[in-house]
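> Sequence and predicted model, in that order:
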Amino acid sequence: MNYFIDTDVCVIGAGHAGCEAALACARLGYRTVIFTMNVDSIAMMPCNPHIGGSSKGHLVREIDALGGEMGKNIDKTFIQSKMLNRSKGPAVHSLRTQADKAEYSKAMRKILENQENLTIRQVEVTDILTQYDLEKLKIESDGCSKDQISNDPDNINCSNDLNDSIEGSPDSEKPRVAGVRIHTGTIYTCKAAIICTGTYLNARCLVGESITETGPGGMQRSTWLKNSMDHLGIPLRRFKTGTPARMDGRTLDYSRMKIQPGDPVVVPFSYSTDPADVQIEQVPCWLTYTNEETHEIIRQNLDRSPIYAGIIEGTGPRYCPSIEDKVVKFSEKNRHHVFIEPEGRFTNEVYVDGMSSSMPDDVQQRMYRTVPGLENCVIVKNAYAIEYDCINANQLKLSLETKAVDGLFCAGQFNGSSGYEEAAAQGLIAGINAVNKIRGKEPLILERSEAYIGVLIDDLVTKDNREPYRMMTSRAEYRLLLRQDNADLRLRKYGYKEGLITQEQYDYVCYKEKMIEEETARLKKIRVGAAASNQEILRSLGSAELKTACTLAELICRPELSYDRIAPLDPERPDLTKDITEQVEINIRYEGYIDRQKKQVQQFEKLEHRKIPAWIDYDEVGSLRNEARQKLKAFLPSSIGQASRISGVTPADITVLLIYLEKNRGKGGSVSAAKS
Amino acid sequence: MLQNNSFLNSSYIDKSRNDTIAAAATAMSAAGIGIIRVSGPDAVRICAELYVNARGEHDLQDHAANTIVFGYIEDREGNRIDEVMISVFKAPRSYTTEDTVEINSHGGTYLLNRILDLVLRGGARLADPGEFTKRAFLGGRIDLSRAEAVMDLIASQNEFARKTALAQLGGSVSESVKELRSAILYEMAFIESAIDDPDSYASDLEGYADRLDSICEKLLSRMESLLEIGEKGAVLKEGIRTAIIGRPNAGKSSLLNYLSGTERAIVTEIAGTTRDTLEESVRVRGIQLRLTDTAGIRDTDDRVEKIGIARAKDAVEESELVLYLIDASEGITKEDQSIGMILKQWKQELPSVRKCIILLNKSDLPPVTDSDAVRSFFTEADEVLSCSLRTGEGAQELGMTIEKMYHMGELSHQSEAMITNARHREAVREAYEALSMVRQSISMGMSEDFYAIDLMNAYASLGRITGEAVEDDLVEEIFSKFCMGK
């Protein structure tokens, strides 16, 4: 007999994507079950020990602005924090923290455990069930006896009973998620499901010639879902990523490395964290370098690396290369950065950032020991490469719902991304949109001009990604507007509208917006005269004297001056908090650039807002080139803007589309009118 | 033909993929030959139904692509309409990249209309103006700047315009735009990659600002010369807007008569664009002069020009070339001094485009002044010529001077991109401004990520020329200006 449990949303996987997805659904009032292979691996950080960094810091801020958990959790558990690129413009400032991995995972687990509407289940999900599958299972309620279940996915198993049932008659309605089945046979009926299997599905780890069929960090992998995806008609592909060794920190000689301390004053990630709470004692990281000797050992043993020996089939990320890749691809460089980073406060393990590898154990031992400070290192965990099943996110809509199955959402590394922050961002959006699906509302889709999250999802869904996708500053066209310092101003409204941001939080952003506007206007209006007392102040600030009167705003624009520094010239100044004056200063100082970027956005949005109606049949669009026709049919872009980003679709094709849509404007109505 | 229109239109809207268009590609007149062009998936089928060979067989479809066949056009009842030559071009190797058929008939309005009518009845739709070229663009055969060159080629009214348009059709503009764009793209990519990996590539940015500054400087000077040459070219292509000014009786009407009457110049009357006056066009040694306000000069009844100075002011305002007549036997009068002020101001506004030739007329009479005196008084004059329009002495010099002044060299058409299209020049100007902003950011010591914003603008502006940057309504607008059948 099948055992049924009813719920609203099933989240498969409890990594960074799964946690955000499940929390969002539960917080929005829907009964949510989160399935994990092991509760001890909730929000585990199996690779590097950082949260944030270049452009990823932006993602964390945006997650927080929308009402996600990652920012709050890292504020509770970081052990070092740094604002990167401070010497550059505000667009590329980025917050990066070192996490205490164990604490991070524990803190997130606690949040999940105490979340109302949320149930945690340590089981493996074997099947995603559509309404057709469920119907069949309910009719043949004794069709699946316990002894048929095996842990070997190659054996006949329950999911095979479901084969072909998805293909209904042409008139039948589109398949939609109706439940998930777990390995015990129990079925959770639900209205939406979110797949966040990360790097666990059919994973195998490689250290040289040694291959183990496990997920990251020796965790048990998941296997069953592959058949289920086949059954749903969602093809999988194989990606690869890697991680460096963990060493016993006591065996390293830090005197041979350069200390990398955190910032003296820490800025929290979350807008809800009190800055006073994050001024903690920090743990340093250390910088050292590889050298020619290291590179020589690697070069001599390339034939023993599974990638170069051809054992690994998955495609690895270009932007997070293994040390083998770096040595081969950047052969002109005679050294590479190596950062030694603690894995937490209560462990001696350190992470060797910059030297991920899949070399055999003996090569790893020799290679690491050539690095200054690592001469006597003792490896705790070997560097390894991991291969896993994921999907091509081109099969998703911008809401992260699959095109094939209604109510089925996917997020995180399963979508072909890499990184904790990228995963969490997708998880949050998938969670929100799963709920929107259930409540019959429009999905939350952030535009490229609004958020890094918008860029991330649009890139994943629209572009031809052949390797794990990593967020990067350069991927955002309008980054001067998408700064980490204004994520709340950009996105709080959406979090509020969706129901994850409280009235109080939203009111504050509105107040902040108003104050920024008023103060900016005031500074542009108030003029400073060339009086002797003013000249004296300017001289003392090391700034040129005034020839004629000028506004306070003009003074702020002088490179040597700032909002804070000109305080003596501005006695009427209202008492405003730092987060407000920071925005005012950026607005004034970079006004011309911000205005020009806003114009670019307007131009961009014109095409973005030209929606492609659902009735479009690309076979009916004359003079489209064949390649473009195929691509457009496969991607089903929602707007002209999105269509223009599909590789293989040229500007001329876009023009064809524009002309076609213009000529057939209001076709939906006119066709029926013509018939009548 | 007309009664079929509504039927054809409705079928086309719903099935635009099966849309085949047709139009007369030659003038609907009593010409010696006329061509009907048919393009689209049904072009061959439609024409095959109308065509019979000498033995009366419908065998058009049996002929190899890109060949010419001889035969007859018959209507449905089997009546022979005309003896024709038919060329069949198969997709994508045709002008439009679609299947295309061209029916060469014995010209004439009635005959062409008869054949076109048969083609339309066969299922084709009457083409919109420029639609054949639009299809060539949409089919990826030519970029936007080349499509526009097609239009310019047809519209060309002088040798210069023809040569320039032909060079543009050959890609002269596209190529220079592509070069500029790829140089900008390279810098954009460099900055992006440096920003992405601040740890290990920060060293790459050392001294980069200076390097970029000198690259921008080079690109800017390249654009500057493109704009300058383009500006001159545009003037020549459109015809030089020319004003003839001078005091009453200085010889304005004689000059006008001379220009209209010599060198077999063709005088055409076209409606003035800026004012409600007629404009005459004359050709001097192959250069087209568009004479403004000639009515005022020809109006010989108005012996006393009360408003001479006011007229001069109006006339020069819109002109690129001023032919200024001074009566050598009277010398420089007070009025001439006033006109001199007007000319000075006019010239200062656009010194690179605006030219002034002073004609010291009536050299046959005893002179009060000479060309050296005039030259030192009117320093803004580009040339001062002494002549007698009455005797014709020295008048030939004028033509040679104009030719020299606007001589662009034969080579320039091939070796140098001539951006004569106003839309293109506007785009280059925008790119120029954007790159200037980059230099400004560098001089202000801004960090690299700020350069990217203006580099992106420059890149996008240039892309609009070739159509690589998509703009929603631009394409429709451009092709709507095309003539029928092209």
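Thanks, I have it.
> Local confidence estimate at B:Glu280?
pLDDT, B:Glu280: 75.
> Same question for B:Ile244.
For B:Ile244, the model assigns a pLDDT of 86.
> ditto for B:Ser105
Taking B:Ser105 on its own, its pLDDT is 91.
> Just read off the phi/psi values of it.
Dihedral pair for B:Ser105: phi -120, psi -180, per degrees, to the nearest 10.
> what do you get for A:Tyr351?
Torsion angles, degrees, to the nearest 10, at A:Tyr351: phi -100, psi 130.
> What is the burial count for it?
A:Tyr351 sits with 27 neighbouring residues when counted by other C-beta atoms under 10 Å in any protein chain shown. Backbone N, C-alpha and C define where each C-beta goes, glycine included.
> Contacts only, for it.
Going by C-beta atoms under 8 Å, 6 or more residues apart in numbering or on different chains, A:Tyr351 touches A:48-49, A:244, A:246, A:340-343.
> Now flag whichever of the residues you listed is closest to A:Leu480.
Set against A:Leu480, the nearest of the contacts of A:Tyr351 by C-beta to C-beta is A:Asn48 (27.9 Å).
> Surely that closest one is in contact with A:Glu341?
Yes. Here A:Asn48 reaches A:Glu341: they are 7.4 Å apart, a contact under C-beta atoms under 8 Å.
> what's downstream of the strand or helix carrying A:Leu59, the next helix or strand?
Under the criterion DSSP states H and E, the helix or strand holding A:Leu59 is helix A:56-66. Counting by DSSP H and E, the next helix or strand C-terminal to helix A:56-66 is helix A:70-77.
> between the next helix-or-strand element following that next one and helix A:56-66, how many degrees?
Downstream of helix A:70-77, the first helix or strand assigned by DSSP H and E is strand A:78-84. With axes from the mean of the first three to the mean of the last three C-alpha atoms, to 10 degrees applied, the angle from strand A:78-84 to helix A:56-66 works out at 110 degrees.
> Does the closest residue to chain B within the stretch 501-650 of chain A belong to a helix, a strand or coil?
Nearest residue of the stretch 501-650 of chain A to chain B (C-beta to the nearest C-beta) works out as A:Gly622 at 4.3 Å. Taking DSSP: H, G, I helix; E, B strand; the rest coil as the rule, one finds A:Gly622 in the coil state.
> Report the closest residue of chain A relative to chain B.
Closest point on chain A to chain B, by C-beta to the nearest C-beta, is A:Ser474, at 3.5 Å.
> and that residue, how many neighbours does it have?
20.
> what does B:Ser388 give?
B:Ser388, neighbours per other C-beta under 10 Å, totals 19.
> For it, name its beta-bridge partners.
B:Glu393 (DSSP bridges).
> which regions of the stretch 301-450 of chain B sit below the pLDDT cut-off?
B:301-309, B:407-416 (pLDDT under 70).
> Show me which residues of it sit near chain A.
Contact residues, the stretch 301-450 of chain B versus chain A (C-beta under 8 Å from any C-beta of the partner chain): B:437, B:444-450.
> longest single helix anywhere in chain B?
Ranked by number of residues, the top helix in chain B under DSSP state H is helix B:208-238.
> can you tell if that one touches chain A?
No. Helix B:208-238 is not in contact with chain A by C-beta under 8 Å from any C-beta; minimum separation 12.4 Å.
> Now do that helix: which elements does it pack against?
helix B:159-169, helix B:172-196, strand B:287-291, helix B:422-443, helix B:448-466 (3 or more C-beta pairs under 8 Å, 6 or more residues apart in numbering or on different chains; DSSP states H and E).
> Quick check: buried residues in it?
B:208-209, B:212-213, B:215-216, B:219-220, B:222-223, B:226-227, B:229-238 (16 or more other C-beta atoms under 10 Å in any protein chain shown).
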